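S.K.: turn this into a structure:
(chains A and B)
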Amino acid sequence: MKMTGGLEIHQRLDTKEKLFCRCRTTFSEKPLPLEIRRKLRAVAGETGEVDVAAQHEVSGGKEFIYKTYPTESCLICSDSEPPRPLNLEALDISLEITLLLNCEIPDEIQVMRKTVLDGSNTTGFQRTAVVGMNGWVEVSFGKVGIMLVALEEEACQILKKEKNRTVFGLNRLGIPMVEIATAPDIKTPEQAKEVAEKLGMILRSSRVQRGIGSIRQDVNVSVPGGERTEIKGFQNLKEMPRVIEGEVKRQLSLVKKGKKVERTVRKANPDGSTSFLRPLPGAARMYPETDVLPVKITKDIIDYKRKNLPELLEKKQEKLTKELGIDSNLVKALEKAGKMELFQQLPLKKTKPQFAATVLLSYPGEVKKRGGELGKVNAKQLTDVFEKLGKGEISKDMVIDSIVQTSLGKKPAPSKGKVDLEAEVHRLLKEKPGLSFGAYMGILMGKLRGQVSGEDISRALKKGMKG
Amino acid sequence: MYSREIESLLKKNKIRAGDRVVVKKGRQQYEGLLLPRSEAGDSGSLIIKLDSGYNIGIGFKGASLEKIKGGGKGLGKSKEKLLKMDFDKKRPAVSLVTSGGTIVSRVDYKTGGVYAVDDPREFLRTVPELKKVANLSRVVSPVTRMSEDSDWKDWVAIAKAVHKELKKGEGVIVTHGTDTLHYTAAALSFFLQEPGKPVVLLGAQRSSDRGSSDAGMNLLCAAHAALSDIAEVGTCMHSSISDDCCLFIRGTKVKKMNTMRRDAFRPINDLPLAKVFPNGRIEIVNKNHKKRSKKEAKLDVKFEPKVALVKVHPSADPGVLEYHRSKGIRGFVIEGTGLGHVPTKVEKSWIPGIKKLVKDGIPVVVTSQTVYGRVHPSVYANLRTLFQEAKAIPGKDMLSETAFVKLGWVLGHTKDLEEVRSWMEKNVAGEITERSLPETFLY
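M.R.: Numbers count the residues shown, from 1 in each chain, chains lettered A, B, ... in the order given. From the prediction side, this is the model:
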């Protein structure tokens, strides 16, 4: 199969504030009652031409509704106020990523306006700046070029799409994001997946947001005689090779029939096929953002950043796997789930690391079922639980209950020794004589849950009833 | 501008902005269009537009620059004309008077520079709906200025152009920069008191290059307002930060109340004349307005520009009055505090200075910096000192800017202090209302 491919990765950065305003980037608030209703107009480029993609987006005079948020949107987000200077924390992270990708950094960074008229940007354009060029990344089949790293604004999230109106949330708009565009060095669908994984690992070595939607991979594909199409919206990397394969076949069959392949943006469908989204934008869509001053990047800054680059995750993971003697997949899974930092704060020398990893990865569901939340338990509290387990004060099967209690703000489970189980059984049998084993068990479990395991209660109760 | 070093090298090698160049620096090589240096940024960096559309700056130190053969067209001005609108001659005629400002600017998409359009009709193309509303083929541009640079001569020039255009169609639309739009609106209100047809002023708070610009809807609503029966001079811009409708506001009762919002223009101490929707619906809010008539508009542009607008504040030095007088000022509007106070009982009392001005025949009008509400001449003893003893003229519920324009217009007709007082206290163009309505506050 002959194909040429390149990747475009979009990754949200983990900054305190948005790229051009001082709103928070938490992206978790409930909307306020205030909604803003807008329309966008097609604007002609300098030659009087309206860009094909722009034309496609405005046809029909659609209405856009923007939801507002207490600390996650402001007048800048709704294009009612000019932007503030470029967020330096975001610039710092983007430069770090740029250097990890072996790119050159321009001496002066100029923010551009890229025309976008689908309503996902309130201004009608996306602010974006090149921070790196001409880099590379090493993979199993050689080096893949990095053409461009851009620092840009995240778009609004679509909350509801109807025929003539779209409802957007302003809280995602303006969160800092990097776009990485690789050279068309990818020759097979499997290679695309490998490069995406590698870039993801490098990004996660820096300070980036985690979770669903925080990273998006687009693939550019063409075949000889075909045209470049861009595939968006992959749900996960596993499906990537199959979707690319489908697109290559689609283009090849069009070429074979002598039909023209259109330059389009296509959506990856769950069944592995792709469908038309919109025409590919032309190059005429970019002009300078005159409201934001250019930023000069000195050699000193670059030298400093180069000396202080973070260790790559794959190296960190390798070390950890060796050091703790646990399964490397478990380490990867912890990293992917964003639990690595927490994991490393635990007393791994005293606890079995394998068990601690399992707790972090597979307990959240069970904890939630019992009314708790693992995310609310901090490293110190978890350490307490594991330390008690290490000392033999609680048993393994009491760990979940301890976590549940801690997350609910209740006192962590007292140690085994503090509950006189025998006395509890004795008192109950005396107070309420003549009940069944099950009834006694229920009362004791209700009273002692999280303090003593069910097994111990059952044992003590059997003993007490016999006696 | 680039640094002298770069400029001389460009000259020597005959490289112009817009040429396709290669910049080499160390092992790196960048190819693209050389752009002119904008005023922002480092004059020692070359600005290159890459093929991706992005601009980057490359420090000139240690770099070499080479022109690519056959890649030199130069930037120059784009010869291609933008699409012009062909208006339907059967639609009612509305004239467009432009005077500069953001609304008639266009972006050079290569350099990002903002220029006034060669032909004001260019900006109409982004509002194709206009064709179905009015025939806007008459466009005149008496002045071209950014709002902050405008002065009274511009008001006169615009008024003369509007007066002429009122004879040509059903109404007139005036585009203007927003910063001083309300001064111009007030001036036109006094210069053209009985226009007989609507005179609608508008501007844009967001630049016209962006899809979200408010220029389009403001223009469309202004066209509807210009065809309405409300024969007043007024502004027509966004009512809220949504693209819902515009407010048609009396020219003497409007003020820019926000530096950046689309709905910056608000009626002060008055209701808006009407809400104007982009689909043409007009909802009358204030029945107190003149109706369209066949009467020919009269133009009265006699004006005395030697008027000063002075703001008092705690510990303000009254010497500022004497300073202005030494510069030939013939009338003052003092923006007082609260009900119209000036410092009275302190060491630096303003009363002696004001008394002296009035004694010498120079009128002193007092408005309030609260923006909303009415100046009162007698609630407090200090107010009585100012208005009865020092004989300042209470500006009633006039906006400071409107009082300033009105005083210049009145002084253009008479310098007699008692006549000036009588004119200033009398409503001429809707600038003074006698009843304060509760719903006008923060409308």
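
S.K.: what about residue 31, how many neighbours?
M.R.: Looking at chain A here, since you left the chain open. Neighbourhood size, A:Pro31 [other C-beta atoms under 10 Å in any protein chain shown]: 18. Bear in mind the C-beta positions are built from the backbone N, C-alpha and C, glycine included.

S.K.: you answered for a different chain; I wanted chain B.
M.R.: Neighbour tally, B:Glu31, other C-beta under 10 Å: 15.

S.K.: would you check that it makes contact with B:Lys49?
M.R.: No - counting by C-beta atoms under 8 Å, B:Glu31 does not reach B:Lys49; the two are 10.3 Å apart.

S.K.: can you give me the helices in the stretch 151-300 of chain B?
M.R.: B:152-166, B:181-191, B:215-226 (DSSP state H, counting those that start in this stretch).

S.K.: low-confidence ranges, the chain, go.
M.R.: No chain specified, so I'll use chain A. A:1, A:44-60, A:282-284, A:411-418, A:450, A:467 (pLDDT under 70).

S.K.: nope, chain B
M.R.: B:70-85, B:109-113, B:118, B:120.

S.K.: quick check: can you list the domain ranges of it?
M.R.: B:4-72, B:94-284, B:307-425 (automatic domain parsing).

S.K.: quick one: the shortest one near chain A?
M.R.: Yes - shown here: domain B:4-72 in contact with chain A (C-beta under 8 Å from any C-beta of the partner chain) through B:28, B:30, B:38, B:40-42, B:45, B:47, B:50-59.

S.K.: now swap in the longest one and tell me
M.R.: Yes - with C-beta under 8 Å from any C-beta as the threshold, domain B:94-284 lies in contact with chain A, specifically through B:107-114, B:125-127, B:206, B:208-213, B:216-217, B:241-244, B:260-262.

S.K.: host element of B:Val301?
M.R.: In the assignment (DSSP states H and E), B:Val301 maps to no helix and no strand.

S.K.: burial check on it, number of neighbours?
M.R.: When neighbours are counted by other C-beta under 10 Å, B:Val301 registers 19.

S.K.: quick one on the thing from earlier: buried among the residues of domain B:4-72 next to chain A? Make that a PyMOL selection.
M.R.: PyMOL command restricting the residues of domain B:4-72 next to chain A to the buried ones, with burial defined by 16 or more other C-beta atoms under 10 Å in any protein chain shown:
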select buried, chain B and resi 30+38+41+42+45+47+50+52+53+54+55+56+57+58+59
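
S.K.: which ones among the residues of domain B:4-72 next to chain A are found in strands?
M.R.: B:28, B:30, B:45, B:47, B:55-59 (DSSP state E).

S.K.: same list (the residues you listed) but as JSON lines, adding distance to B:Ala161.
M.R.: Supplementary listing: those in JSON lines, determined by distance: C-beta to C-beta, whole Å:
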{"residue": "B:Gln28", "distance to B:Ala161": "55"}
{"residue": "B:Tyr30", "distance to B:Ala161": "49"}
{"residue": "B:Ser45", "distance to B:Ala161": "44"}
{"residue": "B:Ile47", "distance to B:Ala161": "40"}
{"residue": "B:Asn55", "distance to B:Ala161": "39"}
{"residue": "B:Ile56", "distance to B:Ala161": "45"}
{"residue": "B:Gly57", "distance to B:Ala161": "43"}
{"residue": "B:Ile58", "distance to B:Ala161": "48"}
{"residue": "B:Gly59", "distance to B:Ala161": "49"}
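
S.K.: wait, which of the domains of chain B is closest to A:Glu162?
M.R.: domain B:94-284 (17.4 Å; C-beta to C-beta).

S.K.: can you give me the end-to-end distance of that closest one?
M.R.: Terminal residues of domain B:94-284 lie 21 Å apart, using C-alpha to C-alpha, to the nearest Å.

S.K.: what about A:Phe27, neighbour count?
M.R.: A:Phe27, neighbours per other C-beta under 10 Å, totals 18.

S.K.: can you name the residues bridging to the closest residue to chain A within the stretch 1-150 of chain B?
M.R.: Nearest residue of the stretch 1-150 of chain B to chain A (C-beta to the nearest C-beta) works out as B:Gly57 at 2.5 Å. Beta bridges link B:Gly57 to A:Glu108, B:Ile47, judged by DSSP bridges.

S.K.: that older thread, which of the residues of domain B:94-284 next to chain A count as buried?
M.R.: Buried, going by 16+ other C-beta under 10 Å: B:107-113, B:125-127, B:206, B:208-213, B:216-217, B:241-244, B:261-262, out of the residues of domain B:94-284 next to chain A.

S.K.: longest strand of chain B?
M.R.: Max-length strand for chain B by DSSP E is strand B:63-72.

S.K.: what comes up buried for the longest strand belonging to chain A?
M.R.: Selection of the longest strand in chain A by residue count, based on DSSP E, yields strand A:125-139. Using 16+ other C-beta under 10 Å as the test for burial, strand A:125-139 gives A:125-137, A:139.

S.K.: just stretch A:438-449 next, same as before
M.R.: In stretch A:438-449, counting by 16+ other C-beta under 10 Å, buried: A:440-441, A:443-444, A:448-449.

S.K.: name the nearest of those relative to chain B.
M.R.: A:Arg449 (53.8 Å).

S.K.: residue boundaries of the helices in the stretch 51-200 of chain A?
M.R.: Using DSSP H, counting those that start in this stretch, helices in the stretch 51-200 of chain A cover A:52-58, A:88-100, A:189-205.

S.K.: now render these as TSV, adding distance to A:Tyr287 and mean neighbour count.
M.R.: What follows is these, written out as TSV (distance: least, C-beta to C-beta, whole Å; neighbours: other C-beta atoms under 10 Å in any protein chain shown):
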stretch	distance to A:Tyr287	mean neighbour count
helix A:52-58	13	19
helix A:88-100	21	22
helix A:189-205	29	20
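
S.K.: is A:Val265 in contact with A:Pro279, as I believe?
M.R.: Yes - the pair A:Val265 / A:Pro279 is scored as a contact, 7.3 Å apart, by C-beta under 8 Å.

S.K.: chain B: which of the helices of the stretch 51-200 of chain A is closest?
M.R.: Closest among the helices of the stretch 51-200 of chain A, once you apply C-beta to the nearest C-beta, is helix A:52-58, at 7.3 Å.

S.K.: ok, what's across the strand from B:Pro267?
M.R.: Checking B:Pro267 by DSSP bridges, which sets the bridge assignment, gives partners B:Val254.

S.K.: residue contacts, it?
M.R.: B:247, B:249-250, B:253-254, B:440, B:443 (C-beta atoms under 8 Å, 6 or more residues apart in numbering or on different chains).

S.K.: ok, now B:Lys132?
M.R.: So B:Lys132 contacts B:88, B:91 (C-beta under 8 Å, 6+ apart).

S.K.: gap between it and A:Ser206?
M.R.: 54 Å (C-beta to C-beta, to the nearest Å).
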